[in-house]
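Asks: I need the structure of the sequence given here:
(one chain, ligands or ions: 3)
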Amino acid sequence: MSILEVKSKSGSYRVVAEGNVLATLGEQLQRLHISERTNVTVITDDTVGALPFAKDALRSLAATGYRHQVLEVPAGDHSKSLATASTLYPKLLSFGMRRSDLIVALGGGVIGDLAGFVAATYLRGISFVQAPTTLLAHDSSIGGKVGVNLPEGKNLVGAFYPPRAVLYDLSALATLPARQWTNGMAEVIKHGIIGDARLFEGLEERPLVACPDADVLEPILTAAMKVKIDVVESDEKEANRRQVLNVGHTLGHAIEQRSHYGLGHGEAISIGLVLEAKLAVARGLLDEATATRIERVLAGHGLPTKTPRDDWDEVAAFIDVDKKHGRALWTFALPTAIGDVVIVDDVSPDEVKAVYDRSLEEA
Ligand SMILES: NC(=O)c1ccc[n+]([C@@H]2O[C@H](COP(=O)([O-])OP(=O)(O)OC[C@H]3O[C@@H](n4cnc5c(N)ncnc54)[C@H](O)[C@@H]3O)[C@@H](O)[C@H]2O)c1
Ligand SMILES: O=C(O)C(=O)C[C@@H](O)[C@H](O)[C@H](O)COP(=O)(O)O
Ligand SMILES: [Zn+2]
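Replies: Residues are numbered from 1 along each chain as shown. Ligands and ions are numbered 1, 2, ... in the order given. The predicted model follows:
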């Protein structure tokens, strides 16, 4: 079990990472001093909602006397939309959800982002608890970024809205399909690249290709979450340093969206990390050998590393709407070493196209 604290200007919160924590969801809410008169809406997806740990969580809410409802959306990134959010607001109203009530986001990053966005906007904001159930969500449940996608780009509408707590049930990871495990490893590896060389080296030596026992999982997950917490505490609303968490994402988000979500977020970010390492090499920021290590560790975890063949102009249109850019050139978070990422804001589209085209020749 690990308990981490995230300091936030709008209210600090705890990350409780523990096996079977969802089976005591009601007691966990009581521990957070959430009154038993609070109405609770659990937002989940139709895959997670059917799993035993979700049923246990609802049983616990009932046993502790919380009046609650469950709202299910279809699983997948297509649900992270304004259209889906619009179907949820009336259901909150008809259940009598007031400002003092609570949303629980039970699921992976899609549910955390969507339910967090609904919590941030309904009645101008009600409390929410993150109950992440994927490996990838060790990233998405921390830091308060909530939002939805637009057809024009990922996460273009949203807010910085920290949760009241993160209740991370590590036993829930046991039911993750193999591909979802691998998908989540991309963000674990990313956290090593950003700020923990030992984490990265450990994954090079012993790839984590399936959910291991708790004694192996916990230190790795804790190390990854600590990198994220350190960065978001230093720059909660991404004025500058937080942009390092976006390494691999400038290209990765564009590739993810161009795949129409056929690629998972982590899979697309894996390809983005490889490409952005190559861009860093082309700029003289990173040595070739380290870029090769990044590619190998991702491939060693079964993640895709080859650039999908696509029309550059279509990819570039998605890169162009990235929130990090200023008015003229593109901004990227680029690795300079294992454990260090810098922000560069003078990248020209032609430079990126050259790296992109070269990677297609190598594929
Ligand atoms: N807010 C942030 O800081 C942040 C960070 C990283 C990623 N994200 C976002 O997170 C999203 C990706 O998250 P994700 O990869 O968790 O996707 P997801 O939420 O779609 O979950 C992936 C799949 O796994 C299923 N699933 C979830 N938990 C399960 C379990 N325990 N057992 C079996 N199946 C389970 C889901 O139903 C879904 O089909 C993207 O939209 C990405 O943009 C946000
Ligand atoms: O928390 C952050 O900051 C991140 O960048 C984490 C990313 O892994 C995540 O995918 C996030 O949703 C990206 O945010 P965006 O601002 O690039 O849309
Ligand atoms: Zn991400």
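
Asks: The stretch 201-350 of the chain against ligand 2: which residues are in contact?
Replies: Listed as neighbours of ligand 2 in the stretch 201-350 of the chain under the rule CB under 6 Å from any ligand atom: E238, R242, L245, N246, H249, K323. (Each C-beta comes from the backbone N, C-alpha and C, glycine too.)

Asks: center of this protein, which residue is that?
Replies: For the chain, the residue sitting closest to the mean C-alpha position, by CA atoms, centre = their mean, is S140 at 2.9 Å.

Asks: Can you tell me the closest non-neighbouring residue to it?
Replies: In space, not counting the residues next to it along the chain, S140 is nearest to G109; the distance is 3.5 Å by CB to CB, 6 or more residues apart in numbering.

Asks: what ranges do the strands span in the stretch 1-150 of the chain?
Replies: Secondary structure of the stretch 1-150 of the chain by DSSP state E, counting those that start in this stretch: the strands cover 2-6, 13-18, 40-45, 68-73, 102-107, 127-132, 145-150.

Asks: so which of those strands comes closest to L273?
Replies: strand 145-150 (18.9 Å; CB to CB).

Asks: which residues are contacting the closest one?
Replies: Strand 145-150 has contacts (CB atoms under 8 Å, 6 or more residues apart in numbering) with 77, 80-82, 84-85, 112-117, 119-120, 155-161, 257.

Asks: Determine the longest helix present in the chain.
Replies: When the chain is scanned for its longest helix (criterion: DSSP state H), the result is helix 214-234.

Asks: Against which helices or strands is it packed?
Replies: Helix 214-234 makes packing contacts with strand 2-6, strand 13-18, helix 137-140, helix 178-195, helix 197-205 when contacts are defined by 3 or more CB pairs under 8 Å, 6 or more residues apart in numbering; DSSP states H and E.

Asks: Contact partners for the residue of the stretch 251-363 of the chain found nearest ligand 2?
Replies: Using CB to the nearest ligand atom, the single residue of the stretch 251-363 of the chain nearest to ligand 2 is K323, 5.3 Å away. K323 makes contact with N155, L156, according to CB under 8 Å, 6+ apart.

Asks: what about it, distance to L25?
Replies: In this structure, K323 and L25 are separated by 33 Å, where distance is defined by CB to CB, to the nearest Å.

Asks: for I111, same thing?
Replies: Separation of I111 from L25 (CB to CB) stands at 15 Å.

Asks: Which residues of this structure lie near ligand 1?
Replies: That would be 45, 47-48, 51, 75-77, 80, 107-111, 113, 133-134, 136-137, 139-140, 143, 145, 154-155, 172, 175-176, 180, 183, 264-265, which are the residues of the chain within reach of ligand 1 (CB under 6 Å from any ligand atom).

Asks: which one among the residues of the stretch 201-350 of the chain next to ligand 2 gets closest to ligand 1?
Replies: Sorting these by distance to ligand 1 puts L245 at the head of the list, at 7.5 Å, by CB to the nearest ligand atom.

Asks: what sits up against stretch 3-21?
Replies: Surrounding stretch 3-21, the residues in contact under the criterion CB under 8 Å, 6+ apart are 1-2, 28, 53, 56, 141-144, 161-171, 214, 218, 221-222, 225-226, 229, 232-233, 236.

Asks: Report the secondary structure element holding the residue in the chain that ligand 2 sits nearest to.
Replies: Here the chain gets closest to ligand 2 at one residue, N155, 3.2 Å apart by CB to the nearest ligand atom. Using DSSP states H and E, N155 maps to strand 153-160.

Asks: If you drop the residues flanking it in sequence, what lies closest to the residue of the chain closest to ligand 2?
Replies: N155 sits nearest to G147 (CB to CB, 6+ apart), 4.6 Å away.
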